[in-house]
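Chemist: next come a sequence and a model predicted from it.
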Amino acid sequence: MATATPARRRARQGSELSGLPAQFADWFAARGWAPHRHQLDMLEAAQQGESALLIAPTGGGKTLAGFLPSLIELAGQEGEFAEGLHTLYISPLKALAVDIQRNLEQPIAEMALPLRAETRTGDTPQSKRQRQRRQPPHLLMTTPESLALLLSYEDAPEIFGSLRCVIVDELHALEDNKRGDLLSLGLSRLSTLAPQCRRVGLSATVAEPDRLARWLSPDGKGGGVRRVTGDPGAAPDIKILETQARLPWSGHMGVHAVKEVYDLLRDAGTAIVFVNTRAQTEIVFQELWRINDDNLRIALHHGSLAVEQRRKVEAAMARGELDAVVATSSLDLGVDWAAVDLVIQVGAPKGSTRLLQRIGRANHQLDQPSRAVLVPANRFEMLECRAALDAVTEGTLDGVAETPGGLDVLAQHLLGIACSAPVDPAALYREVHKAGPYAGLSRRDFDDVFDFVATGGYALGNYEKYRRLRQTPDGLYGIASPTVARDYRMNVGTIVEAPTLKVRMGRGRVLGEVEEHFVNYMTAGDTFAFAGRLLEFIEVRETDVITRPGRGDAPAVPAYMGGRLPLSTHLADRVRATLAEPSRWRSFSGQVREWLDAQLWRSVMPSAEGLLVETFPRGNKQYLVAYCFEGRNAHQTLGMLLTRRMERLGLKPLGFVATDYVLAIWSLETATDMDGLFAEDMLGDDLEAWMAESSMLKRTFRNVAVIAGLIQRRHPGEEKSRRQVTFNSDLIYDVLRSHEPNHILLRATRADAASGLTDIRRLADMLSRVRGRITHRELDRVSPLAVPVLLEIGRESVYGAAIDELLGENAEELVAEAMTGSDVKELPLT
């Protein structure tokens, strides 16, 4: 045997002292490794039979910490539990499950462990899936959807009866959405089938670890979960690009800095360039490729690409065959690309937690700092990037409002469990109540959901197809026919793709497509710019947006490029605080300082806690600009509600535009009573009336109906077109609104709309906060701080650098107007 090096001897001695079996101590020592403290803490929790939540930065060995106890236990097993499924690993991404399985093969082979580790996803061949049910592997890597599918089979008790551990990776990416709701219900079912099973959660650093513990806990309240925190590692090295080009007043593409980004890529070994939208991914990639004189190996990665293309890019990353990848959030999680030297964020990060997680993709070594460069696309984004950098430096992260589990997801789960075997509603309620997102679920709501699953509810009960459960002689409820189970298994999951709608002129030709959530905000008579013309919105008919030529010279609702991430409340608070304190401006470039100084000369700055509203004339219109900093969704909703109120007051509003930072409304008459205009009562009848008139609830209902199983997208040998799904859901929606307005799915629809597109809670918090703190400045012309939002008016979703160039054409006139009389000289105009 070769003599061990001093480093290997020290590693082995440390491992032996920590209680690792000799076989594992040797494996660590062969690499010169010693286990991290948190890995040993996780091992101790497992040996005590405790569930555990590990929160650690990327590069801290979280995955090994999750699997090490299982590998040790399996290696020492004999007899009863030597066969059967021991550990279930659940990932939000199929690619990550595959990557983990590949990484596990190495220690299993090198220690000659007689174990089988396999993956099971939608891509797994049918023959292998059938064999896995008959002969489960010791370690199975899968996704939330595949788990739900397995739980629906009659042999689920046999498959999971031997389960000792379930590992949920990237828990922070699942906890606050419907996939996480479905998984939490699946975990509760596993606790019934395998009471001895312990739970392990692996997460990046988050603001509220107690929330993750509640989600993970067997009782849904946070009990029985040991919290383990990894060492923080080296502080990240983050810089903000001080562009030598003119920093745009508006626009979101960041094309002005592409040459400087390219220089960073050329000097880095490997890099990921993160952006915020899929359209921006294409644009930045094309601009980089256009100036790629050094033949850098640059690839593209986003969710709209074909799966095969994404897999090729991921494989090339893992093999070290790429110099850079331009990506959206599709690479926030994913395969391990340990050689990343630099992360570049083009556009503001929208949240400190998201920024920290993206930075963690670089340099997966705890003792080495991750390097990142932030590239703001406009002046407001410069403020946001500084706020994000300060937040990461100070270790403060974003919190997300906690929402109860979706009732549509619960309906899907209840049907899936009934597909496995007849169920007792009372026992099932007790089981569901132990899932974290459903810990507050009332028995009445549960019974309503169960009744919908069983009969369709009052309005749909006469239709045989909606009566999916029947009561058995012993009082249990089982599926009405095998077809119910077949349809469930073909449609399991909560991912409903965001569709686009065709824009049609009357009943005539199609002008193009827009994203559906843009149309959701419109009511009949609204105008918008599209395909180089002004259009008036008439209605949404199935999958078409019916329009006619619009009147006027500006759209009431500007084109909205979807897919943008909303500004977090935490960063919004920091941006307001920065603007309110001029001593903090010293770190900004001269361009930004001059802009802010000019605002102080012309008007005032928004306060940290209050609301600044400016009004001024321009052309033949009156403008109202409110500096809310509550994110685009909340501002979009506020704009709709304010214009309705202004219409009643006779102010003749013409339209509005919303950004993440500011809301601007233009009208024929001047608004003066700001306290009355921004009163909280707008969230009552005005909100209800607008949501009823817009297509938002109807479109939200379609997604809810699909998830709840009311409408099946897939049948044997066919898949329904989006037109068919929409037509069916629209009919059912109208029936329920007329005959059963409190139907459980309509309640779920209203909850989704309030927490998603409309961001009602955040808007309500803002209106409450600014009550009595509104500062109104009546100006004779546009202010410097208002220039960026006015440049957004009438923009179209055009591609390429043309977006920022179009803005530049309008900027000079606006900036000159804002700066007239100012002492600030030669302010850049683009």
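Modeler: Right, received. Where do you want to start?

Chemist: can you give me every residue that contacts the residue lying closest to residue 476 once chain neighbours are set aside?
Modeler: In this structure, residue 476 finds its nearest non-sequential neighbour in residue 422, 3.7 Å apart by CB to CB, 6 or more residues apart in numbering. Using the backbone N, CA and C atoms, a C-beta is placed for each residue, glycine as well. By CB atoms under 8 Å, 6 or more residues apart in numbering, residue 422 lies in contact with 472, 474, 476, 477, 478.

Chemist: roughly how far apart are residue 422 and residue 474?
Modeler: Distance, residue 422 to residue 474, using CB to CB, to the nearest Å: 8 Å.

Chemist: repeat that for residue 599.
Modeler: In terms of CB to CB, residue 599 sits 74 Å off from residue 474.

Chemist: again with residue 667
Modeler: From residue 667 to residue 474 the distance is 67 Å (CB to CB).

Chemist: quick one: the strands in the stretch 501-650 of the chain?
Modeler: Secondary structure of the stretch 501-650 of the chain (DSSP state E, counting those that start in this stretch): strands at 510-515, 527-530, 533-541, 544-549, 611-618, 621-627.

Chemist: turn those into CSV, columns for distance to residue 197, mean pLDDT and mean neighbour count.
Modeler: Below are the strands of the stretch 501-650 of the chain laid out as CSV (distance: least, CB to CB, whole Å; pLDDT from 0 to 100; neighbours: other CB atoms under 10 Å):
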stretch, distance to residue 197, mean pLDDT, mean neighbour count
strand 510-515, 42, 70, 16
strand 527-530, 53, 70, 22
strand 533-541, 47, 81, 17
strand 544-549, 49, 86, 18
strand 611-618, 51, 95, 20
strand 621-627, 51, 95, 23
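
Chemist: these: which one's closest to residue 710?
Modeler: Closest to residue 710 of the strands of the stretch 501-650 of the chain, according to CB to CB: strand 533-541, at 19.8 Å.

Chemist: what are the ranges of the strands in the stretch 301-450 of the chain?
Modeler: With DSSP E, counting those that start in this stretch as the criterion, the stretch 301-450 of the chain has strands spanning 324-327, 342-346, 371-375.

Chemist: export these as TSV, with columns for mean pLDDT and mean neighbour count.
Modeler: Shown next, in TSV, are the strands of the stretch 301-450 of the chain (pLDDT from 0 to 100; neighbours: other CB atoms under 10 Å):
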stretch	mean pLDDT	mean neighbour count
strand 324-327	89	26
strand 342-346	91	26
strand 371-375	91	24
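
Chemist: and residue 496, what helix or strand is that in?
Modeler: Counting by DSSP states H and E, no helix or strand carries residue 496.

Chemist: how about it, nearest residue that isn't a chain neighbour?
Modeler: residue 703 (4.5 Å).

Chemist: how many residues are close by the one you found?
Modeler: Neighbourhood size, residue 703 [other CB atoms under 10 Å]: 23.

Chemist: tell me the SS of it?
Modeler: Under the three-state scheme (DSSP: H, G, I helix; E, B strand; the rest coil), residue 703 adopts helix.

Chemist: same thing with residue 154?
Modeler: Applying three-state DSSP to residue 154 yields a three-state assignment of coil.

Chemist: ramachandran coordinates for residue 27?
Modeler: Phi and psi for residue 27, reported as degrees, to the nearest 10, are phi -60, psi -40.

Chemist: quick check, it in contact with residue 109.
Modeler: No - using CB atoms under 8 Å, residue 27 is not in contact with residue 109; the gap is 10.9 Å.

Chemist: between these two, which is the more surrounded one?
Modeler: residue 27 (19 against 10).

Chemist: check contacts around that one.
Modeler: 107, 110, 111.

Chemist: so of those residues, which ones are in helices?
Modeler: Those of these mapping onto helices are 107, 110, per DSSP state H.

Chemist: tell me the contacts of the residue nearest to residue 785 when sequence neighbours are not counted?
Modeler: Spatial nearest neighbour of residue 785, excluding adjacent residues (CB to CB, 6+ apart): residue 599 at 4.5 Å. Shown in contact with residue 599 (CB under 8 Å, 6+ apart): 605, 783, 784, 785.

Chemist: per-residue pLDDT, residue 599?
Modeler: At residue 599, the pLDDT value in this model is 93.

Chemist: hang on, the earlier thing: higher neighbour count, residue 667 and residue 474?
Modeler: residue 667 (23 against 7).

Chemist: leaving out sequence neighbours, find the closest residue to that one.
Modeler: residue 653 (4.3 Å).

Chemist: quick one: residue 237 and residue 624, what's the gap?
Modeler: Taking CB to CB, one finds residue 237 at 43 Å from residue 624.

Chemist: how far away from the center of its chain is stretch 153-170?
Modeler: Offset of stretch 153-170 from its chain centre (CA atoms, centre = their mean, to the nearest Å): 27 Å.

Chemist: can you give me the end-to-end span of it?
Modeler: 27 Å (CA to CA, to the nearest Å).

Chemist: list the buried residues of it.
Modeler: Neighbour counts using 16 or more other CB atoms under 10 Å place 153, 156, 159-160, 162-170 of stretch 153-170 among the buried residues.

Chemist: which helix or strand contains the closest residue in space to residue 409 that isn't next to it in sequence?
Modeler: Spatial nearest neighbour of residue 409, chain neighbours left out: residue 181 (4.3 Å); criterion: CB to CB, 6+ apart. Here residue 181 sits within helix 178-193, counting by DSSP H and E.

Chemist: chain center to that helix, what's the gap?
Modeler: 20 Å.

Chemist: mind giving me the packing neighbours of it?
Modeler: Contact analysis of helix 178-193 by 3 or more CB pairs under 8 Å, 6 or more residues apart in numbering; DSSP states H and E lists helix 144-151, helix 156-160, strand 165-168, helix 209-216, helix 407-420, helix 425-432 as its packing neighbours.

Chemist: below-threshold pLDDT in the stretch 401-550 of the chain: ranges please.
Modeler: 497-500, 512-513, 515-518, 520-521, 529-533, 542 (pLDDT under 70).

Chemist: before we move on, what about the stretch 1-150 of the chain?
Modeler: In the stretch 1-150 of the chain (pLDDT under 70), the answer is 1-18, 58-59, 77-82, 94-97.

Chemist: repeat that with 80
Modeler: 1-19, 57-61, 76-83, 93-99, 101-103, 122-123 (pLDDT under 80).

Chemist: for it, just list every one of the strands.
Modeler: Going by DSSP E, counting those that start in this stretch, the stretch 1-150 of the chain shows strands at 51-55, 87-90, 117-120, 139-142.

Chemist: need those in CSV with mean neighbour count and distance to residue 460, can you?
Modeler: Putting these into CSV (neighbours: other CB atoms under 10 Å; distance: least, CB to CB, whole Å) gives the following:
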stretch, mean neighbour count, distance to residue 460
strand 51-55, 24, 40
strand 87-90, 26, 34
strand 117-120, 22, 35
strand 139-142, 25, 34
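
Chemist: now render those strands as a markdown table, adding distance to residue 250.
Modeler: As requested, the strands of the stretch 1-150 of the chain are arranged in a markdown table below (distance: least, CB to CB, whole Å):
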| stretch | distance to residue 250 |
| --- | --- |
| strand 51-55 | 38 |
| strand 87-90 | 42 |
| strand 117-120 | 46 |
| strand 139-142 | 45 |
